[in-house]
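Q: how would this look folded up:
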Amino acid sequence: MRHTLRLSLTTSIAVLALSAFAFAHHGNAAYDSAKMTTVTGIVTDFKFTNPHVLIAMDVKDPSTGKIEKWEGELTSPNHLARAGWTRSTIKPGDELTMTGAALKSGAPAMAIRKIVRNGEQIPTGGGDN
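A: The predicted structure is shown next:
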């Protein structure tokens, strides 16, 4: 009886400890939500897959003229599908303007809050739309 109770308690603690890692994944600690960044470029890749939809773009640096590879992260495909998205909502070759919280590290990536294509905002299912 004590062995079973000890095993159950140990298993419960392990499950709770591991679930903290899963919860932490959904935090925004890596992004600086006080620093919104806007970039315009050409989509090079669009991944409509779990756990987060990703958009890769080539963005021309206005001061140097060099191309930077940017990546934007959105919510899950399921959440975006409720806002009307499909796998073909965005295609490589599309020109987009993305606005979002930049990475604190300074790497060219963001948590997307707003997307504009051809002058029209694409709903992202967030509160900014």
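
Q: Point to the helix or strand of this protein where mean pLDDT is at its lowest.
A: Across the helices and strands of the chain, mean pLDDT, DSSP states H and E gives its lowest value to helix 2-25, namely a mean of 44.

Q: Any buried residues in the next helix or strand after it, and which?
A: Reading on from helix 2-25 to the C-terminus, the next helix or strand found by DSSP states H and E is strand 31-47. Along strand 31-47, the positions that meet the burial threshold by neighbour count (16 or more other CB atoms under 10 Å) are Tyr31, Asp32, Thr37, Val39, Gly41, Val43, Phe46. Just so you know, the C-beta spots here come from the backbone N, C-alpha and C atoms, and that holds for glycine as well.

Q: and if you look at stretch 111-129?
A: Those buried within stretch 111-129 under the rule 16+ other CB under 10 Å are Ala111, Ile112, Arg113, Lys114, Ile115, Ile122, Pro123, Thr124, Gly125.

Q: Give me the lowest-pLDDT entry from those residues.
A: Among the buried residues of stretch 111-129, Gly125 carries the weakest pLDDT, at 74.

Q: Not including adjacent chain positions, what is the nearest residue to that one?
A: With sequence-adjacent residues excluded and distances taken as CB to CB, 6 or more residues apart in numbering, Gly125 is closest to Ala83, at 3.7 Å.

Q: any weak-confidence spans in this protein?
A: Along the chain, the parts satisfying pLDDT under 70 run over 1-27, 126-129.

Q: From the centroid of it, which residue is nearest?
A: When CA atoms, centre = their mean is applied to the chain, the residue found nearest the centroid is Glu73 (2.0 Å).

Q: do you know how far that one is from Ala109?
A: Computed with CB to CB, to the nearest Å, the distance linking Glu73 and Ala109 is 7 Å.

Q: what do you get for Ile122?
A: Note on Ile122: its distance to Ala109, by CB to CB, is 19 Å.

Q: With Asn78 instead?
A: 22 Å.

Q: for Ala29, same thing?
A: Note on Ala29: its distance to Ala109, by CB to CB, is 14 Å.

Q: Compare the two (neighbour count), which wins?
A: More neighbours sit around Ala109 than around the other of Ala29 and Ala109, counting by other CB atoms under 10 Å; the figures are 21 against 7.
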